[in-house]
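S.K.: fold the following.
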Amino acid sequence: MRSVTPVFALSLLIAAAGSLVACAPEEDDHADEAQQDVTGGSGAIESAVVYLFDGAQTNLAPPKCAGALLGEKVAVTAKSCAKEGMILGRAADKDGKGARAKVVAVHVPEQADADIAIVEIDRAIGGTRAVITHAPLRDGYAINGVAAIDGAGFFDPDKGEASSIAGRLTSETELHSTIFPAKGSEICAGDLGAPVCSSTATKLAGFNIRGTCGLSGLVIAAEAPPAPAADDADAAGGANAAGGANAAAANGNGCSAGAWKVAQLGRYADFLREHAPDAFKPIVIDKPILRNFPYAPKGLWGYQTGGTVAACTIETAKLDPIVVGGEVKVTAKVTFKDLQARSAPFGRFGIALKSAPTKVRWLPARATTEPSGASFDASFEGVVSALAAGDYVVAFRASANGGEEWTPCDLDGIDNGFDVAKTLELEVGEAPAEAPEDAKPEDASPPADTSSSGPSSSDADYSDPPADDLNDDVGEDFGDDEPAVAKKKKKTSSNGCSASPTGAGASAGLPMLGVLLGVAAFVRRRR
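M.R.: Predicted coordinates:
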């Protein structure tokens, strides 16, 4: 893992100083970006993240892979990595080379295509456990791995040290999601098992008080470009998948800014509950301000997320043919009922080759109606595309609980069950050949119009509920559900404060004190 853009060290210092200057925190989409605690190739990594080493001499070799604590003596990692005798350490503790434990047992799910494993260790190594969360298709995830090269800036992690970058989930299959690292960052071959966190900190009145990981998945491998053959079901996907697949080939360092495969941990909920039941429970905060306070990140799997899909129908009657790379808009309508406080209504449009209709790639669906109460009707729209010519089917599915359970929908509703024959058909033709570079303008035929009637599937609007930051705010957000429609963000003043730094309570000496405390806090968290 690496970031090829410099870390904004100066912003970190300014943020540390500003936190001591009579500023009332306000909601802002980038309020914590300057702290470098979750994005941009930062060395400040979540407490739950662990590294696994081959053999006891961890100081002589980089970690083989990563994972996350799910309990005092239990962690989850990639199946291909886990084996007895490995050494495990917390990434935030001297890059995994501080307190260490030995893997004494390995457990894997029964299904043959499972990608994850539970490892038991011989002693506790401290740190906050992760909790299993939903995996919305949106921006704002922290990918916690290992730096592949030495950082260019003073605060950048060096090769072999803990590193965290941001990413965006864009599509999913039954067991996996597709993630892209943020612009200027890459995921590398050494990031096998890297935890993908939907939330990374507990906040009180806008300030971080404890780090954790709302764990949605683990990085498994780079996504290979789809084969051009018409019978390759993995060729189905959206524009996001198209761009990523073409860029997914790793460079000489095994790093890529393209698409990477993420194992969705929620799909293994029963297995994980058997070996790590605490990973599905709120974390209890015991601080001077908060005593025995339960913290549940947004999307905590199975926690007050009940609800049902009472009705669901694809509303689009017919799809016009498109060419490879073109897009077509689809709409659907869903009736949700009996939603609990933390239910999360989601929708997905899916595309699969007609010859392999069960191998579906599911893409984002945007709710166009506001949720209202525990029961309401919601309209969804989205766009689908394909990476290869062929005959496809397009379906829809809905979930009242953030993807814990899905209801497949066809053209005539769900009362008589789901029937592939009642889904939409889509014909995808070959893209027109490009004119030779030396061809005269009058000889070139006009390009086919591949634009869709709706927004591009790469649009940020086409996503599940967005992350406010990579943090949850206990003082404001605890108990809120994830809406089907993104909330509008509040604006802040130009300096992010509601009071002037020179107002009451400020002093000329505080900025420098803030700088020193900020640096000290950063170093303390790294080590």
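S.K.: wait, isn't Val328 in contact with Val384?
M.R.: Yes - with contact defined as CB atoms under 8 Å, Val328 reaches Val384; the gap is 6.1 Å. For the C-beta atoms, the positions are set from N, CA and C on the backbone; glycine is no exception.
S.K.: need the residues touching each of these two.
M.R.: Leu426 (CB atoms under 8 Å, 6 or more residues apart in numbering).
S.K.: what about these two, which has more around it?
M.R.: The neighbour count for Val328 versus Val384, taken as other CB atoms under 10 Å, is higher for Val384 (29 against 23).
S.K.: now the more buried one. Nearest residue, chain neighbours left out?
M.R.: Ile351 (4.6 Å; CB to CB, 6 or more residues apart in numbering).
S.K.: residues near the one you found, how many?
M.R.: By the criterion of other CB under 10 Å, Ile351 has 28 neighbours.
S.K.: distance check, it against Leu363.
M.R.: Ile351 sits at a distance of 7 Å from Leu363 (criterion: CB to CB, to the nearest Å).
S.K.: next, count neighbours for Val394.
M.R.: The burial count for Val394: 23, using other CB under 10 Å.
S.K.: in the helix or strand that contains it, what's buried?
M.R.: Following DSSP states H and E, one finds Val394 within strand 390-399. Using 16 or more other CB atoms under 10 Å as the test for burial, strand 390-399 gives Gly390, Tyr392, Val393, Val394, Ala395, Phe396, Arg397, Ala398, Ser399.
S.K.: and it, which strands flank it?
M.R.: Paired neighbours of strand 390-399 in the sheet (DSSP bridges): strand 346-353 (antiparallel), strand 407-409 (antiparallel), strand 424-429 (antiparallel).
S.K.: residues in contact with the shortest one?
M.R.: Outside strand 407-409, the residues within contact range by CB under 8 Å, 6+ apart are 309, 312-314, 332, 334, 395-399, 414, 418.
S.K.: may I have stretch 87-107 exported as CSV, CA atoms only?
M.R.: Output in CSV follows, covering the C-alpha atoms of stretch 87-107 (Å, rounded to 0.1, in the frame of the first residue of the first chain):
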residue,chain,number,x,y,z
ILE,A,87,3.3,-14.4,15.1
LEU,A,88,0.6,-11.7,15.4
GLY,A,89,1.1,-8.1,16.6
ARG,A,90,-1.0,-4.9,16.6
ALA,A,91,-0.1,-2.7,13.7
ALA,A,92,-0.4,0.4,15.9
ASP,A,93,2.2,-1.1,18.3
LYS,A,94,5.6,-0.6,16.7
ASP,A,95,4.1,-1.7,13.3
GLY,A,96,3.2,-5.1,14.7
LYS,A,97,6.6,-5.6,16.4
GLY,A,98,5.6,-4.6,19.9
ALA,A,99,3.6,-7.0,22.1
ARG,A,100,3.2,-10.3,20.2
ALA,A,101,1.3,-13.5,20.4
LYS,A,102,1.5,-16.9,18.6
VAL,A,103,-1.3,-18.3,16.4
VAL,A,104,-2.3,-21.6,18.1
ALA,A,105,-5.4,-22.5,16.0
VAL,A,106,-7.0,-21.7,12.7
HIS,A,107,-10.7,-22.0,11.7
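S.K.: check the residue nearest to Val384 and give its pLDDT.
M.R.: pLDDT, Ile351: 97.
S.K.: with Asn292 instead?
M.R.: 74.
S.K.: for the protein, give me the ranges with low pLDDT.
M.R.: Under the criterion pLDDT under 70, the flagged ranges of the chain are 1-44, 58-60, 151-155, 202-211, 225-253, 286-290, 434-463, 465-527.
S.K.: what ranges do the helices span in it?
M.R.: For the chain, the helices defined by DSSP state H occupy 9-18, 239-247, 269-275, 474-477, 510-526.
S.K.: go through stretch 166-175 and flag the buried ones.
M.R.: By neighbour count on 16+ other CB under 10 Å, the buried set for stretch 166-175 is Ala166, Gly167, Arg168, Leu169, Thr170, Ser171, Glu172, Thr173, Leu175.
S.K.: out of the strands paired with strand 390-399, flag the one nearest Ser256.
M.R.: Comparing those by their distance to Ser256 (CB to CB), the top pick is strand 346-353, with 23.9 Å.
S.K.: domains in this structure, as residue ranges please.
M.R.: Residue ranges for the domains of the chain, per automatic domain parsing: 2-223+259-300+467-477, 308-443.
S.K.: out of those, deepest packed?
M.R.: Each of the domains of the chain was scored by mean neighbour count; the highest is domain 2-223+259-300+467-477, a mean of 21, by mean count of other CB atoms under 10 Å.
S.K.: quick check: the residue nearest to Val384 vs Ile314, distance?
M.R.: The spacing between Ile351 and Ile314, counted by CB to CB, is 13 Å.
S.K.: please apply the same query to Ser385.
M.R.: Taking CB to CB, one finds Ser385 at 17 Å from Ile314.
S.K.: same thing with Arg342?
M.R.: 28 Å.
S.K.: on that earlier part again, what would the strands paired with strand 390-399 look like in CSV with distance to Ile285?
M.R.: Shown next, in CSV, are the strands paired with strand 390-399 (distance: least, CB to CB, whole Å):
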stretch, distance to Ile285
strand 346-353, 29
strand 407-409, 36
strand 424-429, 48
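S.K.: out of those, nearest to Thr200?
M.R.: strand 346-353 (21.5 Å).
S.K.: export that closest one to PDB, keeping only CA atoms.
M.R.: These are the backbone C-alpha positions of strand 346-353, laid out as PDB (Å, rounded to 0.1, in the frame of the first residue of the first chain):
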ATOM      1  CA  PHE A 346     -30.500  -0.300   0.200                       C
ATOM      2  CA  GLY A 347     -31.100  -1.100  -3.400                       C
ATOM      3  CA  ARG A 348     -28.900  -2.700  -6.100                       C
ATOM      4  CA  PHE A 349     -29.300  -3.100  -9.900                       C
ATOM      5  CA  GLY A 350     -27.600  -6.300 -11.200                       C
ATOM      6  CA  ILE A 351     -26.300  -7.400 -14.600                       C
ATOM      7  CA  ALA A 352     -25.300 -10.900 -15.700                       C
ATOM      8  CA  LEU A 353     -24.900 -12.800 -19.000                       C
END
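S.K.: where along the stretch 201-350 of the chain do the strands fall?
M.R.: Per DSSP state E, counting those that start in this stretch, the stretch 201-350 of the chain carries strands over the ranges 207-222, 255-256, 260-264, 283-285, 293-295, 308-314, 322-323, 328-337, 346-353.
S.K.: the stretch 351-500 of the chain now?
M.R.: According to DSSP E, counting those that start in this stretch, the strands that the stretch 351-500 of the chain contains are 361-364, 366-367, 376-384, 390-399, 407-409, 424-429, 472-473.
S.K.: partners of the third one, with directions?
M.R.: Same thing as strand 376-384. Strand 376-384 is paired, per DSSP bridges, with strand 328-337 (antiparallel), strand 366-367 (antiparallel).
S.K.: Ile220 is nearest to which of the ones you listed?
M.R.: Here strand 366-367 is closest among these (CB to CB), at 27.5 Å.
S.K.: before we move on, back to that, out of the strands of the stretch 201-350 of the chain, flag the one nearest Ile179.
M.R.: Comparing these against Ile179 with CB to CB, the closest turns out to be strand 260-264 (5.0 Å).
S.K.: by contact count, what packs against that closest one?
M.R.: Using 3 or more CB pairs under 8 Å, 6 or more residues apart in numbering; DSSP states H and E, the elements in contact with strand 260-264 are strand 176-181, strand 207-222.
S.K.: Glu327 against Gly382, yeah?
M.R.: No - judged on CB under 8 Å, Glu327 makes no contact with Gly382 at a distance of 9.7 Å.
S.K.: list the contacts of the nearest residue to Ala78 once chain neighbours are set aside.
M.R.: Spatial nearest neighbour of Ala78, excluding adjacent residues (CB to CB, 6+ apart): Gly193 at 3.8 Å. Residues near Gly193 by CB under 8 Å, 6+ apart: Leu52, Cys65, Ala66, Gly67, Thr77, Ala78, Cys81, Leu218, Val219, Ile220.
S.K.: appreciated, that's everything.
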